[in-house]
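**Q** Sequence first, then the predicted structure:
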Amino acid sequence: MGAAPSSAAPPAEQAAPARVKITEIFLSIQGEADSVGWPTVFVRLTGCPLRCQYCDTQYAFYGGEWLSLDDVLGKVASFQTRHVCVTGGEPLAQKGCFDLLQRLCDAGHRVSLETSGAIDVSKVDPRVVRVVDIKTPGSAEEARNKLENLDLLRADEQIKFVICSRADFEWSRDLVRARQLTDRCTVLFSPSYGQVESRDLAQWILDERLPVRLQIQLHKVLWGDTPGR
Ligand code: SF4
């Protein structure tokens, strides 16, 4: 006769602790968006499914180090800084990013998220300020735009266009007007570094009376193209 089957429930499967793959965590001055100028801790997650032609963070495509969320929170806390920006790469390409954003908010940080606009942003913690790109034709990744993301944005969040040419400007201008994006939230136009002069973009915005904000990347004015700044 065999042993009687045990009536005890099998042990619950332990959920693996959340972790994220990190390229770098560093303190700098926020160079973009509404929080420009604030001392900010940047948490750069590794990997991106896009390949924008102007990408200045290609070093974040590969490599990186797996860290537990506790370790990331600890490292962020060591900088004793309120503002935190979660960026990439494309941070939302990692499932653990959603928990990371929540944990950073729980810890009392003011958290912003820089995302390509190619991944659903609906599950992001509502305390996070989302800065969502719209990829222009000049980026070579226009087909990745998930425009339904735009309907989710609050007035305190931002939409960002990186403008690579006059043609990109006109495409972006037409989209802003057609979808009335400036009624929804702040729209940022940023010149692609080395491709469009800031002064030209400023004049195009003024000529069109376009209610968008010119954004010049402050960190590049301060430190050029140095990674980790
Ligand atoms: S989405 Fe951002 S990180 Fe990814 S390729 Fe484009 S610019 Fe680079």
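**A** All right, it came through fine.
**Q** which residues touch the residue nearest to residue 57 when sequence neighbours are not counted?
**A** Spatially, and ignoring its direct neighbours in sequence, residue 57 is nearest to residue 89 (6.6 Å; C-beta to C-beta, 6 or more residues apart in numbering). Yep, even glycine has a C-beta here, placed from its N, CA and C like the rest. Applying C-beta atoms under 8 Å, 6 or more residues apart in numbering to residue 89 gives the contacts 23, 44, 45, 46, 47, 48, 57, 60, 61.
**Q** Which of those residues scores worst on pLDDT?
**A** The pLDDT minimum for these sits at residue 57, where the score is 94.
**Q** Could you pull up the contacting residues of that residue?
**A** 44, 48, 87, 88, 89, 227.
**Q** and if we set it to 10 Å?
**A** By C-beta atoms under 10 Å, 6 or more residues apart in numbering, the contact list for residue 57 reads 23, 24, 44, 48, 87, 88, 89, 90, 227.
**Q** which ones among those residues are found in strands?
**A** Among these, the members found in strands (DSSP state E) are 23, 24, 44, 87.
**Q** partners of the last one in the sheet?
**A** Same thing as residue 87. On the basis of DSSP bridges, residue 87 is bridged to residue 44.
**Q** Do I have it right that it meets residue 56?
**A** No: between residue 87 and residue 56 there is no contact under C-beta atoms under 10 Å: 11.5 Å.
**Q** Which residue of those two possesses the greater neighbour count?
**A** Between residue 87 and residue 56, residue 87 has the larger neighbour count (other C-beta atoms under 10 Å), namely 20 against 14.
**Q** Show the contacting residues for the more buried one.
**A** Shown in contact with residue 87 (C-beta under 10 Å, 6+ apart): 23-24, 32, 42-45, 57, 60, 112-115, 131.
**Q** ok, which of the residues you listed also contact the ligand?
**A** Applying C-beta under 6 Å from any ligand atom to these, one finds that residue 57 fall near the ligand.
**Q** Below-threshold pLDDT in this protein: ranges please.
**A** Within the chain, the ranges that satisfy pLDDT under 70 run 1-17, 227-229.
**Q** what residues does it put near the ligand?
**A** 48, 50, 51, 52, 55, 57, 88, 89, 90, 116.
**Q** rewinding a little: kindly indicate the member of the ones in strands among the contacts of residue 57 with the most neighbours.
**A** Compared across the ones in strands among the contacts of residue 57, residue 23 has the highest neighbour count, 24 neighbours, by other C-beta under 10 Å.
**Q** residues touching that one, list them.
**A** Each residue near residue 23 by C-beta under 10 Å, 6+ apart is listed here: 42-47, 57, 59-65, 87-89, 227-228.
**Q** Recalculate using a threshold of 7 Å.
**A** The contact partners of residue 23, taken as C-beta atoms under 7 Å, 6 or more residues apart in numbering, are 44, 45, 46, 60, 63, 64, 89.
**Q** likewise residue 217?
**A** Contacts for residue 217 (C-beta under 7 Å, 6+ apart) come out as 31, 32, 190, 193.
**Q** check which helix or strand covers residue 207.
**A** Element membership for residue 207 (DSSP states H and E) is helix 198-208.
**Q** who does that helix touch, helix- and strand-wise?
**A** If contacts are counted by 3 or more C-beta pairs under 7 Å, 6 or more residues apart in numbering; DSSP states H and E, helix 198-208 sits against helix 166-178, strand 186-191, strand 213-214.
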